[in-house]
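Asks: Just a sequence and a predicted model for now, questions to come.
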Amino acid sequence: MRRRLVFLLGIGLLMTAPFSQAQNWQWQNPLPTGNSLSDVVFVNENTGWIVGGSGTILHTTDGGATWTFQESGTGSGLAEICFRDSQQGFAVGGESG
């Protein structure tokens, strides 16, 4: 009986341990969006773009260490992106439904 009680107490402690610590979630990378991301393309080792939900376009010139917003002109989700070079590219997407 005592062995069973110790076992159940141990299981109870193991189950509550993950919930005893505070959860402080932060966006890590790519900052500063919380939108879903769907495609990425790099034209060289440093220059690239990411597209995603709500018309999100992010651009990097340092290999992905930092990302900046670029205006897409749409609120629709962007699904894919393609670039010929660092100056010419396009993104496609639309409303799902």
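Replies: That came in fine, so what should we check first?
Asks: Every contact and neighbour count from this point should use C-alpha atoms.
Replies: Will do.
Asks: hang on, isn't Leu78 packed against Gly55?
Replies: Yes. Counting by C-alpha atoms under 8 Å, Leu78 does reach Gly55; the two are 5.6 Å apart.
Asks: So for these two, which sits in the more crowded spot?
Replies: For Leu78 and Gly55, the more surrounded residue by other C-alpha atoms under 10 Å is Leu78, and the numbers stand at 25 against 22.
Asks: separation between that one and Glu71?
Replies: 12 Å (C-alpha to C-alpha, to the nearest Å).
Asks: Need the residues touching each of the two.
Replies: In terms of C-alpha atoms under 8 Å, 6 or more residues apart in numbering, Leu78 and Glu71 are both contacted by the residues Thr56.
Asks: Strands along this structure, start to end?
Replies: 37-42, 48-52, 56-60, 68-69, 78-83, 89-93 (DSSP state E).
Asks: May I have the beta-bridge partners of Asp39?
Replies: The partner list for Asp39 in beta bridges (DSSP bridges) reads Val51.
Asks: these two touch, right, it and Val51?
Replies: Yes. With contact defined as C-alpha under 8 Å, Asp39 counts as touching Val51 (5.6 Å).
Asks: Neighbour count: the two, which is higher?
Replies: Val51 (27 against 16).
Asks: In this structure the more buried one contacts Leu78, no?
Replies: Yes. Between Val51 and Leu78 a contact is recorded at 5.7 Å, counting by C-alpha under 8 Å.
Asks: Give me the common contacts of the two.
Replies: With C-alpha under 8 Å, 6+ apart as the test, Val51 and Leu78 both reach Ser38, Ala91.
Asks: just to revisit the earlier point, mind listing the shared neighbours of Asp39 and Val51?
Replies: Joint contacts of Asp39 and Val51 (C-alpha under 8 Å, 6+ apart) are Ala79, Glu80, Ile81.
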